[in-house]
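> got a sequence here, can you build the structure:
(2 chains)
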Protein chains: 2
Amino acid sequence: MSQPADPDSRNFGTVAIVGVGLIGGSIAMALKGRGTARSVIGVGRSASRLQEARDRGIIDEGLLELSVAAYRSDLLVFCTPVDRIAAGVREAAAACRPGTLITDAGSVKGSICRDLSEELPSGVEFVGAHPLAGSEKQGFEFAEATLFEDRVCVVTPVTTTSPRALERVSSFWKSLGATLVEMPPEAHDRSLGETSHLPHLVAAALAATLQSGNRALAASGFRDTTRIASGDPDLWSAILLANRGEVLASLTRFGESLERLRVALEERDSRALTDVLRSAKENRESVAVSADCGHKK
Amino acid sequence: MSQPADPDSRNFGTVAIVGVGLIGGSIAMALKGRGTARSVIGVGRSASRLQEARDRGIIDEGLLELSVAAYRSDLLVFCTPVDRIAAGVREAAAACRPGTLITDAGSVKGSICRDLSEELPSGVEFVGAHPLAGSEKQGFEFAEATLFEDRVCVVTPVTTTSPRALERVSSFWKSLGATLVEMPPEAHDRSLGETSHLPHLVAAALAATLQSGNRALAASGFRDTTRIASGDPDLWSAILLANRGEVLASLTRFGESLERLRVALEERDSRALTDVLRSAKENRESVAVSADCGHKK
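Below is the predicted model:
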């Protein structure tokens, strides 16, 4: 006999989205599209933006007061810049009812999870997460209900995380269509330092190098390689600083790869040059294979 | 009264495509699609590949003997790897009838144009070109008749280039839909060193840096930034070596940009970090604007 579905497990009650931008707006739209929230509250700093998000049907209600939203919510999802998440979670937690869960979508996890692992009022739990989705664009105008479908979402429990909170937050991200990967916050930051934060620095350095007279000769190779350099400078500065140690370590490894290429070129060593290019191509193609199912243009 | 169209000016006669890959195949398809060649001969080293290109209707005829094709053609277009273009052009020129024109699609122009500026038999002229189109893929399987539409094609005359040859080669590339930019070969190499060859090195170094355990966490940012690292290692090794001086100079400038970011991060200087990220974003967006009409995904 099959188990009857528990209606509660498929509905997250009243969900507050703190920061209704590309990511927050997409979460709100996915929740509403799938009918997995009783109500979606958007929390922000601009009444007119919240009103616009409401007019577009992205959220059910907009609130400027985080504590009011926190008290009324069963689940809060922080989609604010990484340097504002921990303080926001603490503020919200002080106003939450016992049993409320909090998660986030920040690109760095170590500092946030450390800050929040033991400080919250009894009965309120935070479980960090990072959905690997988004783009260089900003604002709920670019939000999509399908943004998380078939994308990886990293969930980063710590030793004090309760099994119930982990299970519930995991099922929340899964309910948006994401594939879950669970790892400690520090491991997340080590990996993402290499796969996301380092590429951002490198793309920015490449874009910054372009001389204005050469713009007309920049074709699709340049454009793709530097696409992420269009990301918001303040958001990215906060991310890079929050994961400073790992980003600097990745940058050192990148410098070694680049130096091998430079020396081969300097010494006109065609074989050495081709060897590095070949191993780069193999690496790139291994990523293409493992990520193809989750990649959308 | 309008000028009657000169049928000759719209038809390039018998055109030989030397190297029927992504670029050569696309040129052949564009010529046949637009009816601007009497006949398209493909020249290659593999009889079976040429037969397949013929079976697909990409070329009218395949020849293994460059000199035979050269003798029968009015225009030859070299789409071979950059380190084989100059020698191929010399071999072809020795077999051409007077009045034959030769152009190429090589990514580096200085060395090729220097090599060929004064050596060809009387009546045969070479005018270098570089259509800024293509992708990391290889083979005529990926060819498209529309590849050059609204893309920039750089044409690089030298002091000995006759006005007739320049006009005719320019109108050939225009006939494929390209927007022409004329500049000396050395200026081309300086610009493309920065906009194409440097990004290739950087993307390759980034792909080479990725540790295998992190592959599953590489999302669209990593994928776009390293897409061009999937290019053919031999082709790219030849391009980088042929433009070695300019690529090394661009690499030095890139190193300075990256070092500014590294120092800002090292010193936790949020303002300096944001400043470089902001100027990178502005640069990137200026390219997006100036290149949008020519960019296809």
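> what's around A:Leu206, how many residues?
28 (other Cβ atoms under 10 Å in any protein chain shown). Yep, even glycine has a C-beta here, placed from its N, CA and C like the rest.
> correct me, but it touches B:Phe254?
Yes: if you go by Cβ atoms under 8 Å, A:Leu206 and B:Phe254 touch, sitting 6.4 Å apart.
> intersection of neighbour lists for the two?
B:198, B:202 (Cβ atoms under 8 Å, 6 or more residues apart in numbering or on different chains).
> so how far is the helix-or-strand element of chain A with minimal mean pLDDT from its chain's centroid?
Ranked by mean pLDDT, DSSP states H and E, the weakest helix or strand in chain A is helix A:270-291, scoring a mean of 88. Taking Cα atoms, centre = their mean, to the nearest Å, one finds the center of helix A:270-291 at 27 Å from the center of the full chain.
> what's the answer for stretch A:230-246, then?
Worked out by Cα atoms, centre = their mean, stretch A:230-246 lies 12 Å from the chain centre.
> what's that stretch in contact with?
Residues contacting stretch A:230-246 (Cβ under 8 Å, 6+ apart): A:81-83, A:107-108, A:110-112, A:136, A:138, A:189-190, A:192-194, A:197, A:200-201, A:204, A:247, B:265, B:268, B:270, B:273-274, B:277-278, B:281, B:284-285, B:288.
> now do stretch A:197-207
With Cβ under 8 Å, 6+ apart, stretch A:197-207 has contacts from A:107, A:222, A:225-229, A:231, A:236, A:239-240, A:243, A:246-247, A:250-251, A:254, B:198-199, B:202, B:206, B:209, B:221-222, B:225-226, B:254, B:257-258, B:260-262, B:265, B:276-277, B:280-281, B:283-284, B:287.
> was I right about A:Ile44 contacting A:Glu65?
Careful, residue A:44 is Gly; it's not Ile. No: using Cβ under 8 Å, A:Gly44 is not in contact with A:Glu65; the gap is 10.7 Å.
> out of those two, which sits in the busier spot?
A:Gly44 (22 against 10).
> secondary structure element for the closest residue in space to the more buried one that isn't next to it in sequence?
Nearest non-adjacent residue to A:Gly44, counting by Cβ to Cβ, 6 or more residues apart in numbering or on different chains: A:Leu50, 5.0 Å away. Counting by DSSP states H and E, the element that carries A:Leu50 is helix A:47-55.
> what pairs with the following helix or strand past that helix, parallel or antiparallel?
Proceeding C-terminally, helix A:47-55 gives way to strand A:61-63 as the next helix or strand, assigned by DSSP H and E. Paired neighbours of strand A:61-63 in the sheet (DSSP bridges): strand A:39-43 (parallel).
> any idea how far A:Ser135 is from B:Arg72?
51 Å (Cβ to Cβ, to the nearest Å).
> what does A:Ala94 give?
85 Å.
> the more surrounded of the two?
B:Arg72 (18 against 14).
> thinking that one is in contact with B:Arg38, fair?
No: look at B:Arg72 against B:Arg38 with Cβ under 8 Å: they stay out of range, at 10.7 Å.
> who touches both of those two?
Here B:Arg72 and B:Arg38 have B:Thr14 as joint contacts, going by Cβ under 8 Å, 6+ apart.
> show me what the longest strand along chain A packs onto, helices and strands only.
Assignment by DSSP state E gives strand A:125-131 as the longest strand of chain A. On a contact count with 3 or more Cβ pairs under 8 Å, 6 or more residues apart in numbering or on different chains; DSSP states H and E, strand A:125-131 meets strand A:101-104, helix A:110-116, strand A:152-156, helix A:163-175, helix A:185-192.
> what's the angle from the third one to strand A:125-131?
Angle, strand A:152-156 to strand A:125-131, by axes from the mean of the first three to the mean of the last three Cα atoms, to 10 degrees: 150 degrees.
> now strand A:152-156 - C-alpha only, PDB.
Below are the C-alpha coordinates for strand A:152-156, written out as PDB (Å, rounded to 0.1, in the frame of the first residue of the first chain):
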ATOM      1  CA  VAL A 152      22.800  22.300  -8.600                       C
ATOM      2  CA  CYS A 153      21.900  23.800  -5.200                       C
ATOM      3  CA  VAL A 154      24.600  23.300  -2.500                       C
ATOM      4  CA  VAL A 155      23.200  22.900   1.000                       C
ATOM      5  CA  THR A 156      25.800  23.500   3.800                       C
END
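> what mean pLDDT does that strand have?
The average pLDDT within strand A:152-156 is 97.
> quick one: buried residues of it?
Residues A:152-156 are the ones in strand A:152-156 that count as buried (16 or more other Cβ atoms under 10 Å in any protein chain shown).
> tabulate the residues you listed (TSV), appending distance to chain B.
Listed next are the buried residues of strand A:152-156 as TSV, based on distance: Cβ to the nearest Cβ, whole Å:
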residue	distance to chain B
A:Val152	7
A:Cys153	11
A:Val154	7
A:Val155	13
A:Thr156	12
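> pull the number of nearby residues for the residue nearest to A:Ser212 when sequence neighbours are not counted.
Among residues not flanking A:Ser212 along the chain, B:Ser286 sits closest, at 7.3 Å (Cβ to Cβ, 6+ apart). Residues near B:Ser286, counting by other Cβ under 10 Å, number 15.
> surely B:Ser286 touches A:Arg215?
Yes: counting by Cβ under 8 Å, B:Ser286 touches A:Arg215, with 5.8 Å between them.
> can you pull up the residues of the stretch 51-200 of chain A that come close to chain B?
Within the stretch 51-200 of chain A, the positions near chain B by Cβ under 8 Å from any Cβ of the partner chain are A:132-133, A:135, A:151-152, A:154, A:181, A:191-192, A:194-196, A:198-200.
> please identify which of the residues you listed is nearest to B:Ile23.
A:Pro199 (28.1 Å; Cβ to Cβ).
> spatially nearest residue to the closest one (excluding sequence neighbours)?
B:Thr225 (4.4 Å).
> quick one: low-confidence ranges for chain A?
Applying pLDDT under 70 to chain A picks out residues A:1-9, A:288-297.
> tell me the domain boundaries of it?
When chain A is parsed with automatic domain parsing, its domains come out as A:12-183, A:188-294.
> tabulate these in JSON lines, adding columns for distance to B:Ser175.
Putting the domains of chain A into JSON lines (distance: least, Cβ to Cβ, whole Å) gives the following:
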{"stretch": "domain A:12-183", "distance to B:Ser175": "36"}
{"stretch": "domain A:188-294", "distance to B:Ser175": "20"}
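> who wins for proximity to B:Thr161 among these?
Among the domains of chain A, domain A:188-294 sits nearest to B:Thr161 (Cβ to Cβ), with 20.4 Å.
> now do the contacts for A:Asn214.
Contacts of A:Asn214 by Cβ under 8 Å, 6+ apart are B:191, B:194-195.
> how many neighbours does A:Gly21 have?
Here the number of neighbours of A:Gly21 (other Cβ under 10 Å) works out to 25.
> wait, isn't it in contact with A:Cys79?
Yes: the criterion here is Cβ under 8 Å, and A:Gly21 meets it with A:Cys79 at 6.4 Å.
> convert the C-alpha atoms of stretch A:105-117 to CSV, please.
Taking Å, rounded to 0.1, in the frame of the first residue of the first chain, the C-alpha atoms of stretch A:105-117 are listed here in CSV:
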residue,chain,number,x,y,z
ALA,A,105,21.1,31.9,-1.5
GLY,A,106,24.5,33.5,-0.8
SER,A,107,27.5,32.7,-2.9
VAL,A,108,29.8,32.3,0.1
LYS,A,109,28.9,30.0,3.0
GLY,A,110,31.8,29.7,5.5
SER,A,111,31.6,33.1,7.2
ILE,A,112,27.7,33.2,7.2
CYS,A,113,27.3,29.7,8.6
ARG,A,114,30.0,30.2,11.2
ASP,A,115,28.4,33.5,12.3
LEU,A,116,25.0,31.8,12.6
SER,A,117,25.7,28.3,13.8
